[in-house]
Every structure is written in structure tokens, then in C-alpha cells.
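> Please work out how this folds:
(chains A and B)
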Amino acid sequence: MTKKRYITYEEALNEALLGEMRRNPGVFVYGIDVADHKRTFGTGKGLLEEFGPERYFSTPLSEDALTGFGLGAAVNGLHPILVHIRVDFMLLAMNQLINMVATERYGSGGKTKAPFTIRAIIGRGWGQGFQHSKSLQSFFAHVPGLKVVMPTTPYDAKGLLAAAIRDENPTIVLEHRWLYFQKGEVPEEPYVLPIGVANVLRKGSDATVVATSWMNVEASHAADILEKERGVRIEIIDPRTISPLDDEAIFRSVRKTGHCVVADYDWRNCGLSAEIAARVSETCYGSLRSPIQRVAFPDTHCPTTRPLENVFYPNAKDIVRAVEKALKLKPINLKKENFYSHEHKFTGPF
Amino acid sequence: MPTSLEFYKKLYLIRAVEEGIRKYYSENEMKTPMHMSMGSEALVVGVVSALKKSDQVFGTYRSHALYLAKTGETNAFFAEMYGKRTGGAKGKAGSMHLSAPEEGFLGTSAVVGTTIPVAVGAAFANKKKKNGKMVAVFFGEGAMDEGVFWESINLASLWNLPIVFICEDNNLAIHTPVLKRQGYASIEAIVSRFNMNVIQSESTDVERVFALARKARLTTEQTQRPSFMRLAYYRYLEHVGVNEDFEAGYRAKSEFDAWYKKDPVRVQKKRLLKKGVRASAIGQIEKRLDAKIEESIAHAKQAPFAEEGEAYTDVFA
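Residues are numbered from 1 along each chain as shown, chains lettered A, B, ... in the order given. Predicted coordinates for the structure are as follows:
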């Protein structure tokens, strides 16, 4: 038996890049400042040294052109990986992404393909403010022709990034900055996880919580509280892939528990949480014993100052309250719970 | 180098295909917005003939000429115009999204300037693979109003990519002339500040354009610097549609008259006659091409549409 190995999410991403670049000489990494001394929060560590500046290079600040550039390189047989240190910067590239990248194969009548990976980091906390803190999976998932992946655990990060790079389609990988510090068991050898398959992060029978990205950390905290205080066992479903969405996994859980809370790390209005709620309602209406609850970003922007930032971001407390509402439980006294431990751990500046 | 007669056949084919579109468009069976190439034939044929067969091109929503110059075929072309299963993209593309990847015609776009960075990426891949392929990307001077144009020529200049930028300058972005859009003295002057080999011409003589384009391709190959060609032409027809629009008031018919005197098809025909090719021989060639086009149109009309399920395929590989 091999010894279990625990590494961080950041190290897992680095291993995926290293493995795929060794495996396929057509894989290359580029983007604004990727080859600086920080190497995209460490995820690009050692890549420049091993593969050289032809396969790992910093670029001009031209998000739109760089996105089209990746498409052209992919159509001609390479496997580009474009990195955005903040997902907010991708908004400069929405034309290339939606008009060009997403339609490439369709427009050619299936003659071309675009094995193009776009990594984007979701910022949070320590005053990142309204232009360094978006999530945007709902935007991207709205468009046919783009795959959208949001790994939560280090194990998923390594396997899903590798899968995205090998995938023959444009795939966006959204990585939460705070998840970079999470540790988990990760095999040393390269592996891929299937895109479009959800993970049951925690088994339970009383209520289903569908959580994306960082909300899985909050959902796990909420699950501990609910189990300890009320003996309620929630089942956490992490879709891991936003598009295509593994809705069957969600339906299976909801049919079992009869209750559904969607905790999405994105705006509520017209967001993924609405999509999941609609699909559950369409398919599992007869199994639902309470209205679907949603926990997501409110209809406002992310403020910079800490007290308001804490108001903006939903957390474990909101999930506890949503489950209580669904199950008609008496509210738990949460005064002694520490809900902002991660906010205190992250000291910035970026 | 193609013979003068071969050049003429290419020019004539494009002109006659578009005359075919004009003849049948009012039947309302070709349900796709037409942006006609008419007037630009020498520019497109001259450049494409200067490329190797394995070279790759990108175009715009106004790419009938580019498609025909690169592929030489009219069956899949008309089937695509008629939206039929036998079209190059099974009817999903139409006139604005023509491509023939198997022939090195990698794509077009209906959003101005947007194939330019894609072409730059394709050139990067060719350079990395050392396959000797050159990329030529066609765009109107209207694309120079877009930020992505500047981003893209910067990338190509910075990374010394094997690409030739072809600016098809017809002075009009839809209906707005260059004078109302450009805050700089001239296209050549401003792009000359980049690491590029810049060439410009207002010629409608296909053999002149060919010579310039061959030089551009060679220079880029030898110097490892991108080339930029500003090639002027006059758009004969309306921005979108198959008719003339001189009555609209944004341009004068006299402009057309001046350009039509040096119409690319007529210029080349005159050269042939001067070289001693008999008018009757040219007439026979024209007839054969006309017949080929009518045949393609008839095939396209009879061809089936794609099955309903086709709407959902090709979203993902």
C-alpha cells in the first residue's frame, strides 16, 4: 500500500500542469504575468525552468486578442492554457470567448475543434472589491459550446485541470483563491477526473445542499453545526462541473432527502442557483417536501471594507438558516460559532 | 506563377458567382445576408495566388471572393447559401461564416475584426510546428477602429509571427467613410511604427497585386517579421444586399464610374486580348464557368436540408 499524500490545492494545480506539459508537447501556458516571480500564486512553479519560455510565457495586457490567439493555436492543433489572475479580467475577452471560441466547432459544421483551456482565479476578501471578486460561472455556463469547471478539493483540482487540458473543447476552469490553501489527499501520479460528473462531498439523508466552489467549505461547516445541534445530516453535492451540469446526481439526492438548498458562489439573480432550482423543480417536483432555498450573492456589488464584505458573501450561517427553514427547525443559537475564520486567515494583499 | 488566362478564370468565376447570387436572390431561397465581394476580385485573387496551397487564410463576413479563390469550388458554396445539408457547414454558416478548413480557409466572422487574433494564434502554432505555413488574414479598414486589431498586430510584431495582414480598404465602415473614423494621417504611416513590413497599393490589376503579395510573403518568410498590406478597392454594391445603392446619398456614383474604368475583371480581359487571346476563346471559357455555376445552383436548390437533429450537433467535439 502506498502512503497517503496530502498537498494543497495550489500544489495540485501545479502537478496537473506539470504532468500535462510533460505528456503533450503541444500544451503551453500563457497570459498576463504568468512568468513573473510569483508564477500565478505558485501554480506555475518550475514550468518555465522545465519547458522554457516557448511553452510558458508572459504576454501583453490584451485579454481579447489573447483569447482569439488561443483559439487559433488550438484549431491548428496546439493545446493552449490561458491564465487570468482574476476572472474579472475575462470580461475584456467576452467577444472572443462567446462569438468566436464558443462557436468555432458549430460554425465549421463540425470540421474544427478547439482544445483550449482558460484558467481564471476567483478573488475574495481582504478588500478585493467589486472588480477583483466576481465568480461568473453563470455567465459562462449560459453559453453553449463552453465547458465550465469549478474544482473544490485538491484531488478534484488536479484531476479536473488535467481533464480540461486533454478535453477537445474550450474549457474554463474557475479556481477560488482561498481554496489554494486547502489540503487534501492527492495521488502523485497523473490522473484525470471526468468533466460533467458531480461529487457527493458528504453523505446525508435529511436535506440536499448543492454547493459550488468555496460554498462547499461553508456547506461542510454548516453540516457540522446541523449535525451537532439538531442531529440533522445533510448531503452535500458538489457539481464540480457547472456546464455540462450533472443534474442526475442532484436529482438522485433530492429524491432521497425531499429538500433542496442551492448554495452558489455567484449572484442569485439569473444565476446558476436559479438554473439548478428550476431543473430540480421540473424533474423532482413530486419528491420535494419544501420549497427550494437559495443561498447566493445578493443583488449588489462586492464592497471593499471588511464588515460590508462579510454582509455580501453568504456563508455557513446562511446555509444553516436555509436548511432550518426547509426542515422547519427551530433556529440554532449560532452566537458561539466562528463564521469568519477564513477571512481572518487570509492576510492579502492579493 | 499562374498564367494571365488562369488569373482571368479566377476573377471571372468570382464575378459570375456573385452575378448568379444577384440573379436568384429575390426568389428568397438563399436566406442569408449577402455582403458582396464585387469590386475586390483582383485584391483577393492576387493575394491568394501568391500563397502556397498549404497556407491558411481567415476572412470576414464579406468573403465570397476569398472562399472561391482559395477553394475554386462552387457546389458546397451554393449549397451553403441555400442552407442545405450539402453545404460546407451543413447550412449552419451561410454567407457570413464561410470556411473550408480542409482547404486552409480556417474561418470568417460577422463581427468586425474578430478573426484577426485567431489568425495570429494560428500563425503561432505554425511557427511552433515549423511547418512553413503562412497565414493571411483579410479584414476591412473598419477593423482598424477595433481595439483587438491593435492588440493583435502588437502580438504578431512582438513575437515575429509568419502572418500577412491584408487590409481590404474600401474607405467605408458600413456607410461611414475613413475621414469620419480615423484620428491618424494614414494607415501605412501608423502601422509602419510596428515591427512589420508594410506594403500598399490601389491597383485593380490582379498581376500587380500578385507580385506585391508574393513579395510580402517572401519578406515575411525571410525576415521573420509579419507583413501588412493595405490594398484599396471599391465596393460596388450596398453594404449588405445584392443591389447598388448610389441613390442613398452617402457616396457618389461618379466614384464608382472612376473605379469601374479599371474594373479588375475588365482589366485582365483587356490584357488577354492584348496578348492575342481570341475574344471567342475567352467567351467559351466564360460560358463554361457560367454553366458550372448554374449547375451548382440547380444542385443546391434540389439538395435536402439537414435533419432536425443537426441543430444540436457540433456544439462539442
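> Dihedrals phi and psi, the residue nearest to residue A:35 when sequence neighbours are not counted?
What sits nearest to residue A:35 in space, not counting adjacent residues and going by C-beta to C-beta, 6 or more residues apart in numbering or on different chains, is residue A:58, at 4.4 Å. Glycine gets a C-beta too; all of them are placed from N, C-alpha and C. Main-chain torsions, residue A:58, degrees, to the nearest 10: phi -80, psi 150.
> go on, the one 10 residues further on?
Residue A:68 has phi and psi values of phi -60, psi -40 when expressed as degrees, to the nearest 10.
> Mind jotting down where the strands sit in the chain?
Picking chain A for this. A:6-8, A:27-31, A:56-58, A:79-84, A:117-122, A:147-149, A:171-176, A:183-185, A:199-202, A:207-211, A:234-238, A:241-243, A:260-267, A:293-297 (DSSP state E).
> that answer is for a different chain, and I need it for chain B
B:56-58, B:105-107, B:135-140, B:163-169, B:172-173, B:176-177, B:197-201, B:227-232.
> how many neighbours does the residue of the stretch 101-250 of chain A found nearest chain B have?
Closest contact between the stretch 101-250 of chain A and chain B, by C-beta to the nearest C-beta, is at residue A:109 (3.2 Å). Number of residues near residue A:109 (other C-beta atoms under 10 Å in any protein chain shown) recorded here: 24.
> Tell me which residues touch the closest residue to residue B:86 other than its chain neighbours, please.
Excluding its sequence neighbours, the residue lying closest to residue B:86 (C-beta to C-beta, 6+ apart) is residue B:79, at 4.0 Å. By C-beta atoms under 8 Å, 6 or more residues apart in numbering or on different chains, the residues touching residue B:79 are B:85, B:86, B:87, B:88, B:91, B:296, B:299, B:300, B:303.
> Give me the pLDDT value at the third one.
Looking back up the chat, that one is residue B:87. Listed pLDDT for residue B:87 reads 98.
> so what's residue A:271 closest to, chain neighbours aside?
Nearest to residue A:271 is residue A:138, by C-beta to C-beta, 6+ apart, at 4.2 Å.
> Also residue A:69?
Closest to residue A:69 by C-beta to C-beta, 6+ apart is residue B:121, at 3.7 Å.
> residues contacting the one you found?
A:68, A:69, A:70, A:71, A:72, A:73, A:74, A:75, A:76, A:80.
> can you pull the contacts of the second one?
Counting by C-beta under 8 Å, 6+ apart, residue A:69 makes contact with A:80, B:117, B:118, B:120, B:121, B:124, B:152, B:155.
> can you check residue A:71 too?
So residue A:71 contacts A:96, A:100, A:101, A:104, A:114, A:116, A:170, B:117, B:118, B:121 (C-beta under 8 Å, 6+ apart).
> Max pairwise distance over the contacts of residue A:69: which two?
A:80 and B:152 (15.5 Å; C-beta to C-beta).
> So these two - more neighbours on which side?
residue B:152 (31 against 27).
> I'd assumed residue B:114 was in contact with that one.
No. Contact criterion C-beta atoms under 8 Å: residue B:152 and residue B:114 do not qualify, at 9.8 Å.
> okay, and the common contacts of the two?
residue A:68.
> The closest residue to residue B:147 other than its chain neighbours: neighbouring residues, count only.
Residue nearest to residue B:147 in three dimensions, not counting chain neighbours: residue A:64, with 6.8 Å by C-beta to C-beta, 6+ apart. Neighbour count of residue A:64, defined by other C-beta under 10 Å: 24.
> who in the stretch 1-150 of chain B is up against chain A?
B:56, B:87-90, B:92-93, B:97, B:99, B:101-102, B:106-107, B:109, B:111, B:114-126, B:128-129, B:147-148 (C-beta under 8 Å from any C-beta of the partner chain).
> Distance of the residue nearest to residue A:287 when sequence neighbours are not counted relative to chain B?
Spatial nearest neighbour of residue A:287, excluding adjacent residues (C-beta to C-beta, 6+ apart): residue A:255 at 4.5 Å. Relative to chain B, residue A:255 is positioned 27 Å away (C-beta to the nearest C-beta, to the nearest Å).
> center of the chain, which residue is that?
Using chain A. Centroid-nearest residue in chain A: residue A:150, 2.3 Å away (criterion: C-alpha atoms, centre = their mean).
> You answered for a different chain; I wanted chain B.
residue B:66 (3.3 Å).
> any chance of the contacts of residue A:71 in TSV, plus distance to residue B:193 and pLDDT?
Converted to TSV, these look like this (distance: C-beta to C-beta, whole Å; pLDDT from 0 to 100):
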residue	distance to residue B:193	pLDDT
A:96	25	98
A:100	27	98
A:101	30	98
A:104	32	98
A:114	33	98
A:116	31	98
A:170	34	98
B:117	20	98
B:118	24	98
B:121	23	98
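> Just flag the most distant two among the residues you listed.
A:170 and B:117, at 14.6 Å, using C-beta to C-beta across the contacts of residue A:71.
> Write out the residues of the stretch 201-350 of chain A neighbouring chain B.
Going by C-beta under 8 Å from any C-beta, none of the residues of the stretch 201-350 of chain A are near chain B.
> can you give me the helices in the stretch 201-350 of chain A?
A:215-230, A:247-257, A:272-284, A:306-312, A:316-327, A:341-345 (DSSP state H, counting those that start in this stretch).
> helices or strands up against the fourth one?
With contacts defined as 3 or more C-beta pairs under 8 Å, 6 or more residues apart in numbering or on different chains; DSSP states H and E, the packing partners of helix A:306-312 are helix A:341-345.
> Which of the strands of chain B sits closest to residue A:120?
The nearest among those, by C-beta to C-beta, is strand B:105-107 at 24.8 Å.
> so who does the residue of the stretch 151-300 of chain B found nearest chain A touch?
In the stretch 151-300 of chain B, the residue that lies nearest chain A is residue B:151 (3.4 Å; C-beta to the nearest C-beta). Counting by C-beta under 8 Å, 6+ apart, residue B:151 touches A:60, A:62, A:64, A:65, A:66, B:117.
> Could you rerun that using 6 Å?
Residues in contact with residue B:151, defined by C-beta atoms under 6 Å, 6 or more residues apart in numbering or on different chains, are A:62, A:65.
> Quick check: it vs residue B:91, distance?
To residue B:91, residue B:151 is 33 Å away according to C-beta to C-beta, to the nearest Å.
> again with residue B:69
Taken as C-beta to C-beta, the span from residue B:69 to residue B:91 is 23 Å.
> So between these two, which is more surrounded?
residue B:69 (25 against 22).
> need the contacts of residue B:79 in CSV with distance to residue B:23, can you?
Converted to CSV, those look like this (distance: C-beta to C-beta, whole Å):
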residue, distance to residue B:23
B:85, 23
B:86, 20
B:87, 19
B:88, 21
B:91, 21
B:296, 13
B:299, 16
B:300, 13
B:303, 19
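> and those, which are buried?
Among these, those classed as buried by 16 or more other C-beta atoms under 10 Å in any protein chain shown are B:86, B:87, B:88, B:91, B:296, B:299, B:300, B:303.
> Just flag the most distant two among these.
B:91 and B:296 (15.3 Å).
> residues near the residue lying closest to residue A:127 once chain neighbours are set aside, how many?
Leaving out its chain neighbours, the residue that sits closest to residue A:127 by C-beta to C-beta, 6+ apart is residue A:304, at 4.7 Å. Around residue A:304 there are 15 other residues, counting by other C-beta under 10 Å.
> Just the pLDDT at residue A:302, thanks.
Reading off the model, residue A:302 has pLDDT 95.
> That one is in contact with residue A:312, isn't it?
Yes. At 5.2 Å, residue A:302 counts as touching residue A:312 under the criterion of C-beta atoms under 6 Å.
> which residues pair with residue A:121 across the strands?
residue A:175 (DSSP bridges).
> how about it, what does it touch?
Residue A:121 neighbours (C-beta under 6 Å, 6+ apart): A:85, A:175, A:177.
> Low-confidence ranges, chain B, go.
Under the criterion pLDDT under 70, no range of chain B is flagged.
> Would you map the helices across it?
Using DSSP state H, the helices of chain B run over residues B:4-24, B:41-50, B:64-71, B:75-81, B:116-129, B:147-158, B:187-191, B:206-223, B:253-260, B:264-274, B:279-302.
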